[in-house]
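Participant: Predicted model, plus sequence, below.
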Amino acid sequence: MRTPIIAGNWKMNKTPAETKALIEELKPLVQYAAATVVVCVPAVDIPAAVQAVKGSKIKVGAQNVHYMPSGAFTGELSAGMLKASKVDYVIIGHSERRQYFGETDETVNRRVLAAVEGGLTPIICVGEQKEQREAGYTDALVTYQTTIALTGLTPQQVRKVVIAYEPVWAIGTGLTATDEQANETIGVIRKAIAAKFGRGAANRVRIQYGGSMNPKNVKGLMAQPEIDGGLIGGASLKAEDFAKVVNFDR
Ligand code: PGA
């Protein structure tokens, strides 16, 4: 009942020319995918990506958005700017932003509100660090992160957002949460959404798993009932690998 969504997070990779080449290679490989397909590219690559995806089912996403509409915020981009550049999705609160750039649950929430009000679909990242899982804090932490991130949205708005559960210890490490671990924690996130916004909204929200998802492990993860897709880093930088993840159901 929820359409799967597979999104590539290119992080700080690819020039505009490389963006065009990768998307051209990807297009025929994902054209008949059942899943929603998104590529979240560096800001300077957005025009090249928007041009290249024309005539395909691939959507373009950004990797961050500021919460103010304009002003003295050097280095930032507003939701209005992204929307005007034909961006549909935006990653918010990725663990790398939290870890290296001081992103907090509060700024994540402000960015989510700005994105939704600006007509973008946020892909909101939550997830625990290794020590937090070992100490038994995972459920409380993802509940807290999710609840704060969505504060101020209506249930109607909540049902359209995308959440990415990304255990920090699984990102770029080759370590993956087990299918059951990922399913269980995503179930906790859905429960947190139900508690605040109702079952109807919680049942509609698409919740991805992220963290070393690849052509080999995608089938097992996607077979879990709570997992609605993936946010893919490393494996999204090669057309063939990313296409295999997108076409997990074939
Ligand atoms: P990875 O990255 O697939 O390279 O682990 C996922 C992410 O950071 O979104």
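Facilitator: On my side now, so go ahead.
Participant: Not counting its neighbours along the chain, what's nearest Val245?
Facilitator: Of all residues beyond its chain neighbours, the one nearest Val245 is Val218 (4.8 Å), with distances taken as Cβ to Cβ, 6 or more residues apart in numbering. Every C-beta, even on glycine, is put in place using the N, C-alpha and C of the backbone.
Participant: I figured that neighbour was touching Asn247, is that so?
Facilitator: No. Counting by Cβ atoms under 8 Å, Val218 does not reach Asn247; the two are 9.2 Å apart.
Participant: higher neighbour count, these two?
Facilitator: Set Val218 next to Asn247 and count neighbours by other Cβ atoms under 10 Å: Val218 wins out with 25 against 18.
Participant: Check the gap between that one and the ligand for me.
Facilitator: 11 Å (Cβ to the nearest ligand atom, to the nearest Å).
Participant: what residue ranges in the protein score low on pLDDT?
Facilitator: Within the chain, not a single segment meets pLDDT under 70.
Participant: What parts of it come near the ligand?
Facilitator: The chain comes close to the ligand at residues 9, 166, 171-172, 210-213, 231-235, as judged by Cβ under 6 Å from any ligand atom.
Participant: now for the residues you listed, which pair is the farthest apart?
Facilitator: Between any two of the residues of the chain next to the ligand, the greatest separation by Cβ to Cβ is 13.9 Å, found for Glu166 and Ala235.
Participant: Show me which of these two is the more surrounded one.
Facilitator: When neighbours are counted by other Cβ under 10 Å, Glu166 comes out ahead of the other of Glu166 and Ala235, with 28 against 20.
Participant: Could you check what's spatially nearest to the closest residue to the ligand within the chain, not counting adjacent residues?
Facilitator: Scanning the chain for proximity to the ligand using Cβ to the nearest ligand atom identifies Gly233 as nearest, at 2.2 Å. Counting by Cβ to Cβ, 6+ apart, the nearest residue to Gly233 once its immediate chain neighbours are dropped is Asn9, at 5.1 Å.
Participant: Many thanks, have a good one.
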